[in-house]
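K.L.:
Sequence first, predicted model second:
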Amino acid sequence: MKPVSFCTLPLLLSAALLCSTAHADATEAEAIEAQLGSALASADFAAKNCPNLAINDDKVQELLKRIKKTAADLRAGEDYEDQHKVVQQLDKQQGRAMICMVLPSAHGGYARGVIQKK
């Protein structure tokens, strides 16, 4: 497999998110769910592997409250699983240091700021 360049990492990290929110009739709750589900997969990776990053738990709880779901609900979902696979593949290809560097800017929209630099 061809190595992934530094410039394409943020695009790949959000690939699952883009696919899951592509339909135009997505509600705000569906958008939050998809974006937060994806960000939680990245946040779980960051919590285990990136000591320079922190998870904004207040933001996560605020978004969960808006969609009336739990973190466990989202971790059982397709958006989480898709992003988990992407992060694991990039870990193998690019290494953890590279992933930890881009994770704070990899998620936008409602999930912007879930992963932050310490």
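P.N.:
Great, that's in hand. Residues are numbered from 1 along each chain as shown.
K.L.:
what bits of the protein have low per-residue confidence?
P.N.:
1-26 (pLDDT under 70).
K.L.:
Which element, helix or strand, includes the residue most central in space within the chain?
P.N.:
Taking C-alpha atoms, centre = their mean, the centroid of the chain lies closest to residue 39, which sits 2.4 Å from it. Following DSSP states H and E, one finds residue 39 within helix 28-49.
K.L.:
Give the buried residues for that helix.
P.N.:
Using 16 or more other C-beta atoms under 10 Å as the burial criterion, the residues of helix 28-49 that qualify are 31-46. Glycine gets a C-beta too; all of them are placed from N, C-alpha and C.
K.L.:
ok so, going back, if I look at the residue nearest to the centre of the chain, how far off is residue 63?
P.N.:
9 Å (C-beta to C-beta, to the nearest Å).
K.L.:
and if you look at residue 93?
P.N.:
In terms of C-beta to C-beta, residue 93 sits 30 Å off from residue 63.
K.L.:
Comparing those two, which shows the higher neighbour count?
P.N.:
Higher neighbour count among residue 93 and residue 63: residue 63, with 21 against 15, using other C-beta atoms under 10 Å.
K.L.:
Double-check the more buried one against residue 107; I have them as touching.
P.N.:
No. At 11.5 Å, residue 63 and residue 107 do not qualify as touching, with contact defined as C-beta atoms under 8 Å.
K.L.:
all helices for the protein, in order.
P.N.:
Secondary structure of the chain, counting by DSSP state H: helices at 9-13, 15-20, 28-49, 57-67, 71-75, 78-94, 96-106.
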